[in-house]
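Novice: fold the following.
(chains A and B)
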Amino acid sequence: MSFWATLYYHGRRLFKAIKLYLILAGPGIIVMVADNDAGGITTYAATGAKYGYHLLWFLILLGPVAYYVQEMTVRLGAVTKRGHAEAIFYAFGSFWGWFSLLDLIFTDWLTLMTEFIGMTAALRIFGVPSWVTVLVVTAMMTAMVLQGRYWTWEKIALLFCGVNLIYIPGAVLVDPPIHEVLYGSFVPHFPPGGFSNELFFMLMANIGTTIAPWMLFFQQSAVVDKGMQEKDIALGRLDTAFGSLFTVVVAAFCVILTGTLLKGVDINDAATAAVELMGINKHLGTLLAIGLFDAGFLGAICISLASSWAFGEVLGWAHSLNNKVGEAPWFYGLYLLLLASAGTVTLIPGAPLVLITLFVQVIAVTLLPAALVFLILLLNNEESMGRHRNNLTQNVVNISIVAVIIILSTLYGFSLLFPSTFGN
Amino acid sequence: MKVNAYRFVVIGIRKVWREMLGQIREINRRYATPHIKTTRMVTVCLMVLRCYLILLVGILIYKFISLLR
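Specialist: Predicted coordinates:
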């Protein structure tokens, strides 16, 4: 074969592979970007403001962690064709099934509130009243799912994922010292002052925002709804890998942005960071506020869908985004009910929103270990997974990750419940 | 008229409640038997998970009561 013919052949193959990837890409990227939700952006803004670039290496480490955990859901969904909730019911029986399902919906509903808190706070900076935000956002999210095609929903969600990249130009504009950023990114070290309780709390908060129970449920259900097969697992992995890279890049640039301009400022939420940034540079504050709104929006659509999918799978409702409203009224009804109720609660004057945010993190700790243990056990079940079950290397990596996450998230929960014990 | 509306609502709620309970019973029946192969690893993991959750719920209750005090 001549050189040009070989080049043409390989070019065609590459083009076909990219085309196939673009068709199958979606769940991995969406779940990972939605992981950088309103709570996540707040954590990153606070991390940057408190420790500058010193914890960038830790965020980069969390990318592979998120990938390894989420990759398991791709295999599980593609092989068993069951969502995560249904898989737990089927494998472990109704006790563990109900525990996971009810804990999921409770955690999701509370987390949804934090997304609305983030979105309303972000748009309040531009003078939009909270009730308008809740109303318009709920209408937009409902319209997104009601068009009756998974594919369309996914592409709109990917568009919102793109908006999340807004932190990159923001961080470039502030002209951070490159050598310090590189040092912070690739040389693991503790910030000046060494290891402290406060630092431990921040590290745990970052882990908490990287792996959340709803992510497992969401991605597995999305893989099933999309109709991915065993042969698509490789591309599903690639999708998840891109997603984890995406989420780390966004998180890192958010930290760089606040680490450059707000170093030493006490940040309790991302909206405060945006307001502080407005005082320094109006455009940067605007970028952070838009990013916060987008993060809350993506988080809210994914979380409410994760719950609706889970309930649909178990209760036997029609539960695909390819269904019309008339075909799946309970599925869409629950989706809308979750959004509307969570949004409404955040509008109640004097609602204990800070307590809710704290409570979400504590409750998530009760579900996360169970969901991760179930995931490992399901992936080791030869009868259902066949040749796609975890091999030795995957087990060593995944079990180590899961064990560390469980220990740290439990400590995080304890530190929230008993702050004085941890010196906070 | 008022009584009829009241009865209509009560009957409606009862019907929905009965249907829901029936559905939950059906799910419990369908998933009564765990389908995962009960290896030693599975048994140990589920036992540890139970203990962990009991401990966690206990601590949450303790925290709740101490907050009320």
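Novice: going by secondary structure, residue 7 is in what exactly?
Specialist: In the absence of a named chain, chain A is used. Counting by DSSP states H and E, the element that carries A:L7 is helix A:3-24.
Novice: wrong one, chain B
Specialist: helix B:2-30.
Novice: sorry, back to before: which residues does the helix holding A:L7 contact?
Specialist: A:1, A:226, A:228, A:232, A:235-236, A:238-239 (C-beta atoms under 8 Å, 6 or more residues apart in numbering or on different chains). Bear in mind the C-beta positions are built from the backbone N, C-alpha and C, glycine included.
Novice: what's the closest of these to A:E276?
Specialist: For the contacts of helix A:3-24, the minimum distance to A:E276 (C-beta to C-beta) is 35.9 Å, reached by A:D239.
Novice: pull the number of nearby residues for the residue nearest to the closest one when sequence neighbours are not counted.
Specialist: Closest residue in space to A:D239, ignoring its immediate chain neighbours: A:G28 at 3.4 Å, by C-beta to C-beta, 6 or more residues apart in numbering or on different chains. By other C-beta atoms under 10 Å in any protein chain shown, 28 other residues sit near A:G28.
Novice: now A:Y335
Specialist: 25.
Novice: next, count neighbours for residue 38.
Specialist: All of this refers to chain A. So A:A38, with other C-beta under 10 Å, has 31 neighbours.
Novice: please refer instead to chain B.
Specialist: Neighbours around B:T38, by other C-beta under 10 Å: 9.
Novice: how close does it sit to chain A?
Specialist: 10 Å (C-beta to the nearest C-beta, to the nearest Å).
Novice: quick one: mean pLDDT for the longest helix along chain A?
Specialist: Selection of the longest helix in chain A by residue count, based on DSSP state H, yields helix A:282-315. Average pLDDT, helix A:282-315: 89.
Novice: so how far is the helix or strand following it off the chain centroid?
Specialist: Downstream of helix A:282-315, the first helix or strand assigned by DSSP H and E is helix A:329-347. Using C-alpha atoms, centre = their mean, to the nearest Å, the mean C-alpha position of helix A:329-347 is found 20 Å from that of the whole chain.
Novice: quick check: buried residues in helix A:329-347?
Specialist: Applying a neighbour-count criterion of 16 or more other C-beta atoms under 10 Å in any protein chain shown, one finds A:330-332, A:334-336, A:338-340, A:342-346 buried in helix A:329-347.
Novice: and the residue positioned nearest the centre of chain B, what pLDDT?
Specialist: Centroid-nearest residue in chain B, with C-alpha atoms, centre = their mean: B:I24, separated by 9.5 Å. Model confidence at B:I24, given as pLDDT, is 89.
Novice: residues touching it, list them.
Specialist: No contacts exist for B:I24 under C-beta under 8 Å, 6+ apart.
Novice: which parts of chain B sit against chain A?
Specialist: B:23, B:27-28, B:31-37, B:41-42, B:45-46, B:49, B:52-53, B:56-57, B:59-60, B:63 (C-beta under 8 Å from any C-beta of the partner chain).
Novice: list the contacts for A:V187?
Specialist: A:W57.
Novice: got phi/psi on it?
Specialist: phi -120, psi 100 (degrees, to the nearest 10).
Novice: let me know the distance separating it from A:L55.
Specialist: Distance of A:V187 to A:L55, given as C-beta to C-beta, to the nearest Å: 12 Å.
Novice: check A:T133 too.
Specialist: 31 Å.
Novice: more neighbours: which of the two?
Specialist: Comparing A:T133 with A:L55 by other C-beta under 10 Å, the one with more neighbours is A:L55, at 27 against 23.
Novice: state the pLDDT value of the residue nearest to that one when sequence neighbours are not counted.
Specialist: Closest residue to A:L55 apart from its sequence neighbours, by C-beta to C-beta, 6+ apart: A:T47 at 5.5 Å. pLDDT, A:T47: 89.
Novice: so A:T47: helix, strand or coil?
Specialist: Classification of A:T47 by DSSP: H, G, I helix; E, B strand; the rest coil places it in helix.
Novice: what's the local residue count around residue 7?
Specialist: Answering for chain A, as no chain was given. By other C-beta under 10 Å, neighbour count at A:L7 equals 11.
Novice: can you look at chain B instead?
Specialist: Neighbour tally, B:R7, other C-beta under 10 Å: 10.
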